[in-house]
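Return atomic coordinates for the entry below.
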Amino acid sequence: MESPARAADNEERPGLRRRRFLTYLAAAPTLTVVGKMLAEGEAAAATAVPGQLPVPPIADIFDMGDAINLLATPTFGELRLGISENNKVWFELPKTEVGQGINTTVAMILAEEFDAKPTDIAITLADARPELSYSQVTAFSTSVRVLRKPLASMAAAGRARLVTAASKRWNIPANRLSTKDTCVYAPDGRKLTFGELSKDAAKVAIPAVPATPKPPERYHVVGKPLNRLDARDIVTGKASYISDTKIPGSVVAVVVRPPTIGGTVASYDDSAARKMPGVAAVTQIPTGIAVCAENTWQAMEAAKKVEVTWNSGPAATRSGADVAEVLKEKAGSLGDVVSPDGGEFDERFDFAFTSHAPMETGFAVADVGDGKAEVWCASHVPIEVQKAVAEELGLTTTDVTVHVKRAGGSFGRNCHMDAPIEAAQVSKATGKVVKLFWTRNDDTRHGRMRAATHQRVQASVRAGKVRSFHHRVSGAWTDLTHGLGDIVFTALMELGKPAKEAVADVVIGVTQTVPYEFGLATVSGTETDVDLPNTGVMRGVHSVAYRVAEELTVDRIAEHLGQDPVDFRLATLKDDRTKAVLRKVVAEGKWGRPMPKGHAQGIGIHQEYKSMTATLVEIDASDPKNPRVTKALVAIDPGRAINPRGVEAQMQGGLMDGINTVLYAGLHIDDGAVREGSFADFRVARQAQAPRETKVFIMPPTGEPGGVGEISVPASAAAVANAYARVTGTVPRQFPIIH
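Numbers count the residues shown, from 1 in each chain. You can find the predicted model right below:
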């Protein structure tokens, strides 16, 4: 823990002020490179002279995916790919399957280069392996961007060695052999399976045929729509999730938690709970009182019998309204950047805290004893889980094994390590193998929340053009202490306010950009500690609120100029790929067609992760308090779609998240307590609120694959917000609208 003296020193030392701190992160490659570029870019903007070309936003040049890809590159040699004697190609996937279908996509990449069927590829989730570093991070829509090239190269090299091994066995020139369906074929029809050749292939030093990946024109698997390989297992219940994990002799644990966020135990009486059927142990941990029993129902019933006196914690005086006022005040400290003398826009928007609300809540299994720990969890950052559990138990990381399991959804929730750390604490205290789970109420009231933000967009319009456009954001602090598989990144978060603000600057800088030619355009943000520590990244991270605020403002500017919103965007967008996806949805959706009373269309665009997307929605707000999106069209240019069907699924899921963000999903905080507890009162779009018609259009390949897991959320959210504004005649300022 940081001493008060050190904290004060960090706060006051001029050398560690926020901007300059960015250039001192010499031990953290991502932050150093990007931080230096941010600092130099801001300095150039601040000292710009008339006629000087504007400095492009950093995210236009180098985004978070580029950073993770760059830092993962040295670890590619640690990836494990092989062929078993039963003729299966196997791969230990260093990414977590959280519903995005990465297993199928990776199988397709490997099958393409091996000339195999995707069903011939066996994918397992890799245990935490520190040597994988940034390769074992599932975040920022980078899984395909990071893995495609190394996997294609590894598979191509493997195929070349298999062909060479067969050539030697048959004494036939390697260039006369062919491969298909995990077999090598001779011209006369003879064949050997990959499994039969695997041992000989491992001994090949120099392949006799090229070991380079195929050019796209030879693809026969990549780019073709494929249903998820695990779809049948999922719908029949065969697929195993973290909540299905069963270890012999384990007990089930639930935690009695405080009524307020961050509350602590003052005293407790567990005598009645211990008498309940099946109860195996009751113990105190930092977050509450853990009750262990033979099964889930027994643990939940016994937990109700524990009587606890609570210390309320630092959040007890906080409410959502208080936080909103703090953030508005903080936004004011960022300063005005346009003068109110006509043609000026000063738009403000507030976004509430909200829950990830995955189908599967927090689960983890831990077995602690004899100086060792074994943990099963579904984490985006298993290496960080390994470190955190080791630190919590006083062990070395080599004494902690972390097994990664499939998650039933996440949306960023599993970036944090709450469940595995608690499971390890309870296992150590009780000496039992513990399967710990969070109830839905636990997850809604004490789980991670997307941080509330106040968005301020200022623009200056002169002579029919936008001359300046400045987006300033004040947000509650987003907890990034989970890190990204880099010990330095994690350590930085413990250095106090300057480090946290520097990290926030970097994340914002490499994710946010203004996609329009709006003269001098800047994006910046600040984060404030509002005594609500249980925040976390959520699908789309900062981009969803940013995009909604900017796209609403763009519609307002277009109206001010007397221009159609689509025409205005097409005239000012910088990127041709973004223009293309916008034109696609506009044409397919018949933008501008007559709509019934109470109905309207809305559009939104977003570019990030080296992908571009546009969404057009139609909304029925005949009753403004009960709006429904009736139709949605999404177009995406993902560079190259490995599995178009998987991309389509991600666009559909992102659309629903966008609808939720704008219309329904938000948390109320009263005196430090979250009011909502379950889906009975935490609103999300159900089938009745889902569009009756949804279409996804995937543009022809334009380059390397970009990210697709989050890209449609911001554009879809913006389209819904714009549609609501058009149909009601009132620009929404607080989100969700139905709150």
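
the helices in the stretch 101-250 of the chain, which residues?
102-114, 143-170, 194-202, 231-236 (DSSP state H, counting those that start in this stretch).

Using PDB, write down the CA coordinates of the longest strand seen in the chain.
Assignment by DSSP state E gives strand 465-476 as the longest strand of the chain. The C-alpha trace of strand 465-476 is given here as PDB (Å, rounded to 0.1, in the frame of the first residue of the first chain):
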ATOM      1  CA  LYS A 465     -18.200  24.900 -42.400                       C
ATOM      2  CA  VAL A 466     -17.200  23.500 -39.000                       C
ATOM      3  CA  ARG A 467     -14.000  25.300 -38.100                       C
ATOM      4  CA  SER A 468     -13.400  23.700 -34.700                       C
ATOM      5  CA  PHE A 469     -14.800  20.700 -32.900                       C
ATOM      6  CA  HIS A 470     -13.800  19.800 -29.300                       C
ATOM      7  CA  HIS A 471     -15.000  16.900 -27.300                       C
ATOM      8  CA  ARG A 472     -14.300  17.000 -23.600                       C
ATOM      9  CA  VAL A 473     -15.300  14.200 -21.300                       C
ATOM     10  CA  SER A 474     -15.400  14.000 -17.500                       C
ATOM     11  CA  GLY A 475     -15.900  10.500 -16.200                       C
ATOM     12  CA  ALA A 476     -15.900   8.600 -13.000                       C
END
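
Report the contact partners of Gly475.
Gly475 makes contact with 327, 451-454, 525-528, 542, according to Cβ atoms under 8 Å, 6 or more residues apart in numbering. C-beta: built from backbone N, CA, C; applies to glycine.

how much space between it and Thr453?
Noted for Gly475: a distance of 4 Å to Thr453, by Cβ to Cβ, to the nearest Å.

what stretches of the stretch 451-600 of the chain score poorly on pLDDT?
483-498, 500-501 (pLDDT under 70).

Now list whatever residues contact both of Gly475 and Thr453.
With Cβ under 8 Å, 6+ apart, Gly475 and Thr453 have common neighbours 327, 542.

And Thr397, its phi and psi?
phi -60, psi -30 (degrees, to the nearest 10).

And the pLDDT for it?
We have a pLDDT of 97 for Thr397.

nearest residue to it other than its sequence neighbours?
Of all residues not flanking Thr397 in the chain, Ala390 sits nearest, at 4.7 Å (Cβ to Cβ, 6 or more residues apart in numbering).

pLDDT-wise, which helix or strand of this structure ranks last?
Least confident helix or strand of the chain, by mean pLDDT, DSSP states H and E, is helix 18-21 with a mean of 35.

avg pLDDT for stretch 703-712?
Stretch 703-712 comes out at a mean pLDDT of 96.

Can you name every helix or strand that the helix or strand hosting Val581 contacts?
Assigned by DSSP states H and E, Val581 falls within helix 576-588. Packing contacts for helix 576-588, counted by 3 or more Cβ pairs under 8 Å, 6 or more residues apart in numbering; DSSP states H and E, involve helix 565-572, strand 599-608, strand 611-620, strand 628-637, strand 693-698.

Tell me the buried residues in the first one?
When you say that, I think you mean helix 565-572. 565-566, 568-569, 572 (16 or more other Cβ atoms under 10 Å).

Contacts for that helix next, please.
466, 516-518, 554-555, 557-559, 561, 563, 579, 582-583, 586, 591-592, 603, 605, 722.

Swap in 10 Å and give it another go.
465-466, 469, 515-518, 551, 554-564, 578-579, 582-583, 585-586, 591-592, 601-605, 614, 616, 722, 726 (Cβ atoms under 10 Å, 6 or more residues apart in numbering).

Now do Ile107 against Lys88, distance only.
No Ile there; residue 107 is Ala. 11 Å.

overlap in contacts of the two?
116, 119-122.

Specify which member of those is nearest to Gly101.
Ile121 (13.8 Å; Cβ to Cβ).

Find the nearest non-adjacent residue to the closest one, please.
Nearest non-adjacent residue to Ile121 (Cβ to Cβ, 6+ apart): Ala107, at 3.9 Å.

In contact with the one you found, which residues?
Applying Cβ under 10 Å, 6+ apart, the residues near Ala107 are 89, 91, 93, 116-123, 221, 226, 228-230, 643.

Show the model's pLDDT score for it.
The model's pLDDT for Ala107 equals 98.

same question, Gly666
So Gly666 comes in at 97 (pLDDT).

Fine by me, we can end here.
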